[in-house]
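1. Give me the fold of what follows.
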Amino acid sequence: MKHWITLAVFLVAVCPLLSFGQTDTVYVPGYFESGAAEGTLNSAVTDAINAGTLSTKVFKLKQYERYVLTASLTIPAGSSLTIVADEAGSDPTTAPPQILWSSSGGITTTYMIDCFGDLTLKNIWVLFANMSGNQAGTSIKFEENAQPDGQHGTFEGCLFDYSQIGADGSGAISITCSHFKGNFTNCYFRNMSDPHYRYYGRPVSFPFNTTGWHIDSLTFVNCTFANFGYALMQEGSEYSDYVSYNHCTFINGVMFCLESSWWHWLSITNSVFVNMFMYGDLGENNGNPNGGTFAIDSVKNFGFTPPFTDDQRHILFTNSAYYIEPWLTDYYLNNPYTDTVANPMNIPKPMPMLGPRSLMFLDTTINGVKVWPLMNRKDLYDNTNPAFLLPPTDQPAIRRFLLAKWTDNADTNWAFDPGSSFLQSWPLNENLRITNTAMKTAAMGGFPLGDLYRWAAKSAYISWKAQEATESNQIQSWLNNGFTSVEAQPGVPVSFDLSQNYPNPFNPTTTIEYSIVQSGSVSLKVYDLLGREVATLFNGDQKVGRHTVEFDGSRLASGIYFYKLQSGANSITKKLVLMK
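-> The predicted structure is shown next:
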């Protein structure tokens with residue numbers, strides 16, 4: 001799709017040149033440098049607007065400084081605002097400069113930046129809070145104007161931190177324009193955590209209860225999303241035409257990661273998802289879970305008429321991993337809410353990587369021919385732990401938050417280490433570097449999965465950058481044309497794995513999926529707590545691939561059992577619960 005390639009090249013290459021090639025740089029003094037003065041950035045931007053020179057200036061902020069807003073930064077239609085800083089290093093004094101709100105009374109905290117034009121931020125730490133450390137219901141908002149090309153948002157090396165529900169029911173980035181084009185490179189969305197709503201705390205979102213807005217394109221490259229409600233929210237018939245995630249890391253998402261299922265062009269590559277849909281599957285969809293990464297639905301179920309058909313949709317999901325950590329799986333079965341649930345179907349269960357309806361679109365063939373050849377998946381690691389070095393996970397806080405959402409909906413702060421943000425501590429107290437050996441080479445070209453800019457070795461990121469154009473061309477080719485006959489094997493696994501049975505707990509039947517990477521002798525058996533074999537689900541030769549088997553426990557007593565997959569020297573054992 002040539003016009004998307006052209007658009008991507010424009011966003012990545014041309015916009016930065018237009019912004020950073022300007023010579024009129026305005027150095028803005030920060031809060032500490034100016035003797036605790038607030039509003040210095042407000043004054044600098046306002047002066048440029050009044051002089052009619054906003055679009056010709058670059059506002060340069062100082063590292064390890066704070067820029068305290070006393071009002072929204074409003075970008076007039078037809079203008080652009082560019083705010084930059086030097087790239088952060090490893091020394092505490094090289095922390096990105098923070099933009100945050102004043103704590104003074106009467107300060108409006110609706111929109112930090114109210115953009116009727118274009119916005120570029122580079123190496124900026126946006127803290128959605130005030131100087132007292134309190135979260136603020138605020139956003140960076142792109143608003144409708146008369147620009148025929150719409151609004152552009154270009155963000156590089158930025159940290160978006162501690163955002164809750166936006167003032168308009170949106171997210172950190174609020175879209176209320178007809179044509180938005182967003183490009184996020186090397187950005188970190190950290191603690192998009194609302195203490196009340198399980199589905200707010202969104203990096204990018206349309207506002208609640210609006211219609212008519214649209215995203216033309218949205219790209220994320222080497223970005224991290226940690227502790228959030230939804231990573232992307234589309235609702236009210238508002239959707240995005242072209243969405244791309246490449247080398248992104250997702251951890252601790254409360255509900256849908258990427259919502260909704262109205263994808264036109266969607267590409268998810270070289271990414272890793274951990275603890276998605278932590279709220280759990282409570283049986284709302286009668287055994288047809290949405291899936292923890294993304295969902296696909298038919299255009300006939302959209303509730304509105306899009307300008308495309310199912311056959312005109314292009315969806316690619318490849319070279320990515322999915323994992324639910326054991327502490328979360330165990331908490332679903334062992335918490336005060338579960339103890340009171342009468343119907344086992346309503347006990348929280350881990351969400352699978354992809355739901356049945358999505359798999360139908362991605363995998364269905366008739367007489368060996370794919371029904372939807374432009375919707376594809378391959379080289380996916382399911383139920384494989386990336387083993388992050390130091391994840392930004394406050395387990396007790398997340399447990400409290402989930403229990404509240406399952407019961408009385410009490411407010412509780414579940415953010416990870418927000419105090420460090422207020423202290424502007426740098427480097428941050430987390431590290432999502434992958435230590436799983438297989439995951440270190442599972443991305444295209446043998447690179448690690450996930451965000452390479454922030455978490456991989458610098459040498460790996462430099463090597464990846466050298467081949468980025470080649471990788472992008474391959475992704476675009478797969479997205480445009482599907483896979484070749486050799487590659488057209490959706491779901492062929494690259495790891496030996498055994499998925500958690502679904503549903504779990506169950507009565508009396510449950511489904512078990514597993515993958516083998518080498519044809520040969522395979523056994524799948526069920527054992528009781530004493531280690532006695534109680535059922536053989538498969539025992540014989542089996543070809544490489546992903547397989548599904550149903551276990552009927554109607555003749556067994558309620559209780560905990562174990563199921564074990566054996567193939568050659570490899571074996572995996574997991575727990576299942578029969579509850580009659």
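2. What are the structural domain limits within the protein?
-> Residue ranges for each domain of the chain read 2-481, 497-578, as given by automatic domain parsing.
3. Need phi/psi at the residue nearest to residue 234 when sequence neighbours are not counted.
-> Leaving aside its chain neighbours, residue 234 sits nearest to residue 260 (5.1 Å; criterion: CB to CB, 6 or more residues apart in numbering). For every residue, glycine as well, the C-beta is placed using N, CA and C. With angles defined as degrees, to the nearest 10, residue 260 sits at phi -100, psi -150.
4. Could you pull up the residues touching residue 260?
-> By CB atoms under 8 Å, 6 or more residues apart in numbering, the contact list for residue 260 reads 233, 234, 235, 239, 295, 297.
5. Pass me the low-pLDDT residue ranges in the chain, would you?
-> 1-23, 484-495 (pLDDT under 70).
6. ranges for the helices of it?
-> With helices called from DSSP state H, the chain shows them at 2-9, 15-20, 40-51, 326-333, 356-363, 395-406, 418-422, 452-455, 458-466, 468-481.
7. Was I right to think residue 317 contacts residue 376?
-> Yes: between residue 317 and residue 376 there is a contact at 7.4 Å, judged by CB atoms under 8 Å.
8. follow-up on the earlier one: out of the domains of the chain, deepest packed?
-> When you average the neighbours per residue for each of the domains of the chain (mean count of other CB atoms under 10 Å), domain 2-481 leads with a mean of 19.
9. Surely residue 128 and residue 112 touch.
-> Yes: taking CB under 8 Å as the definition, residue 128 is a contact partner of residue 112 at 7.3 Å.
10. if I look at these two, which residues touch both of them?
-> In contact with both residue 128 and residue 112: 138, 139, using CB under 8 Å, 6+ apart.
11. which residues does residue 552 contact?
-> Counted by CB under 8 Å, 6+ apart, residue 552 has contacts 508, 509.
12. for the one 10 residues further on, same thing?
-> Neighbouring residues of residue 562 by CB under 8 Å, 6+ apart: 526, 527, 528, 529, 573, 574, 575, 576.
13. Who's the closest spatial neighbour of the last one, skipping the chain neighbours?
-> Spatial nearest neighbour of residue 576, chain neighbours left out: residue 501 (4.8 Å); criterion: CB to CB, 6+ apart.
14. Verify the stated contact: that neighbour with residue 510.
-> Yes: using CB under 8 Å as the test, residue 501 is close enough to residue 510 to be in contact (4.5 Å).
15. what touches both of those two?
-> 551, 576.
16. all strands for the stretch 401-550 of the chain, in order.
-> For the stretch 401-550 of the chain, the strands defined by DSSP state E, counting those that start in this stretch cover 431-434, 497-498, 509-516, 520-527, 533-542, 545-552.
17. Throw the ones you listed into a markdown table and include distance to residue 321, thanks.
-> Shown next, in a markdown table, are those (distance: least, CB to CB, whole Å):
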| stretch | distance to residue 321 |
| --- | --- |
| strand 431-434 | 9 |
| strand 497-498 | 10 |
| strand 509-516 | 13 |
| strand 520-527 | 23 |
| strand 533-542 | 23 |
| strand 545-552 | 15 |
